[in-house]
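> Build me a structure from this.
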Amino acid sequence: MLEIRDGAKLLLAAALVWMGADLARADEAAAVPDAARLYGQHCASCHGERRTGGMGPALLPESLERLRAAEARTVIERGRIATQMPAFGERLAPAELEALARWIYQPVEPAPAWAEADIRASRVETAGWAEAPAKPQWAADPMNLFVVVEGGDHHVSLVDGDRFEVIHRFASRYALHGGPKFTPDGRYVFFGSRDGWITKYDLWHLQVVAEVRAGLNMRNVAVSADGRWVMAANYLPRTLALFDADLKLVKTYDAATLDGRQRSRVSAVYDAAPRKSFVVALKDIAEVWEISYDPAAEPIHDGYVHDYRMGEAVAKPGYLGVRRTPLDEPLDDFFFDPPYRHVIGTARPRTPDAQPTAQVVNLDIRRKIAELPIAGMPHLGSGITFAWHGTTVLASPNLKSGAIDVIDLKTWKPVATVPTPGPGFFIRSHETTPYAWADSMMSPSAKDTLTLVDKRTLEPAATIREPGKTLAHVEFTKDGRYALASVWETAGAIVVYDATTLKEVKRLPMSKPVGKYNVWNKITRSEGTSH
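Numbering: from 1, shown residues only. Down below sits the predicted model:
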C-alpha cells in the first residue's frame with residue numbers, strides 16, 4: 001500500500017508540474033500582445049485592413065525601408081506633428097507599442113498587387129458629363145476661384161476669391177495629397193489621394209467626371225501643360241501610371257534601374273511646361289527621369305555613346321520614353337528654376353548623424369552641377385522664386401530649423417538665412433506684394449506664427465499670429481491684394497488678410513483646411529505659389 005501511495009504522489013506531483021508548465025506558457029502567451037488585433041482596433045481605419053494605405057500611408061516593409069523600427073515606435077507613441085497621425089502613448093502599454101512597431105515590418109501575405117488590369121477595372125465615369133455647356137454654372141470669376149482641401153472631414157470647398165464666400169462644398173476621397181492640378185483653361189481639377197485614387201472634377205458644373213485608382217499608395221499627380229496627360233507617382237506598386245485627360249490608362253512604367261535589378265518608390269512627379277515633359281524623382285534609386293510628351297522629342301540613348309555608327313547604343317523613342325539622369329543620391333523632393341532647366345532637390349542623409357544635401361541637376365546635360373550648403377532639411381518642394389538685386393533667388397523653408405534659406409540661382413550660392421520662430425513647411429508670395437509669407441507650423445511653440453519676409457531686404461518685416469492654433473499655408477488672390485491663410489485645426493478656418501495693411505478682412509469656418517489653391521495663380525505658374 002505504501003508503494004501505491006508513493007506512486008500516486010509521484011503521479012500527482014508530475015501532473016502538477018505539467019499543469020504549472022501549461023499555465024506558465026498560457027501566461028507567457030497572454031503577456032505577448034496580439035499585434036494583429038491591436039492594428040485592427042487602432043490603425044486599420046486609417047492605414048487599411050491590409051496595411052495598403054487609406055487616410056494614412058501604407059504600412060508595409062516596402063514603404064518603411066527608410067524608417068527604423070525604433071523611429072516607428074516613437075511615431076506610434078507620440079504621433080506626428082502637422083499630420084493626422086495621433087499619439088497612442090497614453091492608450092497603449094509599452095509592450096503593445098513595441099508589438100505594433102515590429103508587426104508593421106512583417107510582409108503582408110499574400111503580397112498586395114495592383115496591375116494594369118486592376119487600374120482599368122477601377123475606373124468609373126459620370127454619364128453625360130461631356131455634353132455639359134462650356135461655361136460656369138455659377139456667378140463668380142472662374143479664374144479667381146479657390147479650391148480648398150479640408151482634411152478634417154475630407155471635403156473640398158470652392159471659394160469665390162472676390163466675395164470670399166463658399167460657392168459649393170463636396171465630399172472628397174480620403175487624404176488628398178500633393179495639391180490639386182488644373183487643366184490649362186481652369187475648368188477641370190485633378191485630385192490625388194494617398195490611397196491611390198485620382199478624381200477629375202468639373203469646377204464649372206460642380207460634378208465628378210471620372211475616377212480611377214492608379215495605385216495602392218500614391219504620392220502625387222501631375223497634369224501636362226497642354227491638358228492631354230495625367231501622370232501618377234506611386235509608392236506601391238513601384239510604378240508611374242500615365243493616363244489621358246479622361247483618366248483612361250495609357251501605360252505604366254516600372255520604377256526600376258535600367259537592368260531591372262532594383263526598384264524604387266516614386267517620390268514625386270511634376271510637369272515641366274517649357275520642356276513639354278514630366279520630371280520624376282525616385283526615392284530609392286539615384287536617378288531623375290524625364291518623360292517627354294512632345295511628339296518631336298529627341299531619341300533616347302541610354303548610357304554613353306562614343307559613335308552611333310558602331311551601334312554602341314540603340315536609340316529609344318523620345319516620345320513618352322524615359323530619359324535617365326544619374327545622381328549621387330536619390331532625391332526626396334525637388335523644385336524647378338524659372339526656365340525649368342534645373343532641378344534643385346533634397347537628398348536625405350544616409351545616416352542619422354549626417355546632414356541632408358541639396359543638389360542642383362542640369363536636365364539638359366543630365367548631371368549634377370552644384371551642391372548647396374544648406375543646413376537642416378530644406379523643403380524645396382514648397383520653395384518660391386523672386387527677383388532680388390538683379391538676379392533671381394530661391395527661398396525655401398527648413399523642416400528642422402527656424403530659418404528661410406535664400407539661394408542665388410545664378411551662382412547657386414546662399415545669399416541670406418532669414419530667421420523665423422521655428423521650422424516651417426510653406427512659404428508663399430505673389431508678384432504684386434513685397435512680402436513672402438512663411439509659417440512655422442513644425443514648431444510646437446511657434447506653430448501659431450506667420451513671418452513676413454521683405455523680399456527687398458531679405459529681413460523679417462512683420463508677424464501675424466493665431467494664438468494657440470496652427471497657422472499655415474498662405475495663398476493669394478489672382479491680383480495679389482489679399483492673402484488667405486489656414487487655421488490648421490479640425491475646428492479651423494480660412495482667414496483673409498489685406499496683403500498691404502495686414503489686417504484681417506474675413507474669416508470662413510473650415511474643417512482643417514490643409515491647403516488652398518487659386519486657379520489663376522496655378523495655371524499661370526505664379527512665382528509665389530507651388531507648381
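
> Can you report how many residues lie near residue 488?
By the criterion of other C-beta atoms under 10 Å, residue 488 has 26 neighbours. The way it works is simple: take the backbone N, C-alpha and C, and place the C-beta from them, glycine included.

> Quick check: it touching residue 473?
Yes: using C-beta atoms under 8 Å, residue 488 makes contact with residue 473 at a distance of 7.2 Å.

> Quickly list what's touching both of those two.
Jointly contacting residue 488 and residue 473 under the rule C-beta atoms under 8 Å, 6 or more residues apart in numbering are 513, 514.

> mind checking the SS state of residue 200?
At residue 200 the chain is in strand, as set by DSSP: H, G, I helix; E, B strand; the rest coil.

> distance of residue 524 from residue 161?
14 Å (C-beta to C-beta, to the nearest Å).

> From residue 495, how far out is the residue nearest the centre of the chain?
What sits nearest the mean C-alpha location of the chain, by C-alpha atoms, centre = their mean, is residue 178, with 4.4 Å. Using C-beta to C-beta, residue 178 is found at 24 Å from residue 495.

> Ok, residue 255 next?
40 Å.

> higher neighbour count, those two?
Neighbours per residue (other C-beta under 10 Å) separate residue 255 from residue 495, with residue 255 holding more: 26 against 22.

> Might you report the residue contacts of the residue lying closest to residue 324 once chain neighbours are set aside?
Distance criterion C-beta to C-beta, 6 or more residues apart in numbering; nearest residue to residue 324, sequence neighbours excluded, is residue 287 at 5.2 Å. Contacts for residue 287 (C-beta under 8 Å, 6+ apart) come out as 257, 324, 325, 326, 327, 330.

> Any chance of TSV for the residues you listed, columns secondary structure and neighbour count?
Below are those laid out as TSV (DSSP: H, G, I helix; E, B strand; the rest coil; neighbours: other C-beta atoms under 10 Å):
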residue	secondary structure	neighbour count
257	coil	16
324	strand	18
325	strand	19
326	strand	13
327	coil	20
330	coil	21
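
> Between those residues, which sits nearest residue 170?
Distance ranking of these against residue 170, using C-beta to C-beta, places residue 330 first at 37.0 Å.

> in terms of contact, does that closest one touch residue 288 like I think?
No: between residue 330 and residue 288 there is no contact under C-beta under 8 Å: 9.2 Å.

> Show me where this protein has its helices.
Taking DSSP state H as the criterion, the chain carries its helices at 2-31, 35-42, 44-47, 69-78, 94-103, 116-122, 519-523.

> same question for the first one, mean pLDDT?
Helix 2-31 carries an average pLDDT of 50.

> How about the fourth one?
Average pLDDT, helix 69-78: 89.

> helices and strands of this structure: which one bottoms out on pLDDT?
helix 2-31 (a mean of 50; mean pLDDT, DSSP states H and E).

> Next, count neighbours for the residue nearest to residue 96 when sequence neighbours are not counted.
Among residues not flanking residue 96 along the chain, residue 33 sits closest, at 4.5 Å (C-beta to C-beta, 6+ apart). Taking other C-beta under 10 Å as the criterion, the count of residues near residue 33 is 18.

> try residue 239
The burial count for residue 239: 27, using other C-beta under 10 Å.

> check contacts around it.
215, 252, 253, 254, 255, 266.

> Now, of the residues you listed, which are buried?
Buried subset of those (neighbour count, 16 or more other C-beta atoms under 10 Å): 215, 252, 253, 255, 266.

> Output the below-cut-off pLDDT ranges for the chain.
Regions of the chain meeting the criterion pLDDT under 70 cover residues 1-31, 55, 62-63, 65-66, 81-83, 303-313, 349-356, 375-380.

> ok, how many other residues are close to residue 95?
Applying other C-beta under 10 Å, we find 11 residues neighbouring residue 95.

> which non-adjacent residue is nearest it?
Using C-beta to C-beta, 6+ apart, the closest residue to residue 95 is residue 33 (5.5 Å).

> From what I see, that neighbour and residue 94 are in contact.
No: between residue 33 and residue 94 there is no contact under C-beta under 8 Å: 9.9 Å.

> which residues do these two both contact?
Residues touching both residue 33 and residue 94 (C-beta under 8 Å, 6+ apart): there are none.

> which residue sits closest to residue 101, ignoring its sequence neighbours?
Of all residues not flanking residue 101 in the chain, residue 73 sits nearest, at 3.8 Å (C-beta to C-beta, 6+ apart).

> Any idea how many residues pack against the one you found?
18.

> how far away is it from residue 39?
From residue 73 to residue 39 the distance is 14 Å (C-beta to C-beta).

> What of residue 487?
Noted for residue 487: a distance of 33 Å to residue 39, by C-beta to C-beta.

> just residue 180 next, same as before
Counting by C-beta to C-beta, the gap from residue 180 to residue 39 is 31 Å.

> Of these two, which one has the most company?
Relative neighbour count places residue 180 above the other of residue 180 and residue 39, with 23 against 18, counting by other C-beta under 10 Å.

> So what does that one have for phi and psi?
phi -70, psi 150 (degrees, to the nearest 10).

> does it really touch residue 186, like I thought?
No: between residue 180 and residue 186 there is no contact under C-beta under 8 Å: 11.5 Å.

> Does residue 403 touch residue 421 like I think?
No: using C-beta under 8 Å as the test, residue 403 is too far from residue 421 to be in contact (10.4 Å).

> if we can go back for a sec, reformat the contacts of residue 287 as JSON lines; add distance to residue 53.
Below are the contacts of residue 287 laid out as JSON lines (distance: C-beta to C-beta, whole Å):
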{"residue": "257", "distance to residue 53": "25"}
{"residue": "324", "distance to residue 53": "28"}
{"residue": "325", "distance to residue 53": "29"}
{"residue": "326", "distance to residue 53": "30"}
{"residue": "327", "distance to residue 53": "27"}
{"residue": "330", "distance to residue 53": "21"}
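
> Out of those residues, flag the one nearest to residue 432.
Nearest member of those to residue 432, counting by C-beta to C-beta, is residue 325, at 35.9 Å.

> so what's the closest one up against?
With C-beta under 8 Å, 6+ apart, residue 325 has these contacts: 287, 288, 289, 290, 361, 363, 366, 367.

> give me that answer again for 10 Å
Contacts for residue 325 (C-beta atoms under 10 Å, 6 or more residues apart in numbering) come out as 279, 286-290, 343, 361-368.

> What's the PyMOL line that selects buried ones from these?
Applying 16+ other C-beta under 10 Å to the contacts of residue 325, the buried members can be selected in PyMOL as follows:
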select buried, resi 279+286+287+288+289+290+343+361+363+368
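
> Just the ones of the contacts of residue 325 in strands?
The strands, defined by DSSP state E, take in 279, 287, 288, 289, 290, 343, 361, 362, 367, 368 from the contacts of residue 325.

> correct me, but the first one touches residue 293?
No: between residue 279 and residue 293 no contact is recorded; they are 11.7 Å apart, counting by C-beta atoms under 10 Å.

> Now list whatever residues contact both of those two.
residue 271.

> How about stretch 40-55, which residues are buried there?
By neighbour count with 16+ other C-beta under 10 Å, stretch 40-55 contains the buried residues 42, 43, 44, 46, 47, 48, 50, 51, 52, 53, 54, 55.

> Let me see the ranges of the strands in the stretch 251-400 of the chain.
266-272, 277-282, 287-292, 322-326, 333-336, 342-347, 357-362, 367-372, 384-388, 391-397 (DSSP state E, counting those that start in this stretch).

> now those as a markdown table including distance to residue 436?
Converted to a markdown table, the strands of the stretch 251-400 of the chain look like this (distance: least, C-beta to C-beta, whole Å):
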| stretch | distance to residue 436 |
| --- | --- |
| strand 266-272 | 21 |
| strand 277-282 | 25 |
| strand 287-292 | 27 |
| strand 322-326 | 30 |
| strand 333-336 | 15 |
| strand 342-347 | 17 |
| strand 357-362 | 19 |
| strand 367-372 | 19 |
| strand 384-388 | 6 |
| strand 391-397 | 6 |
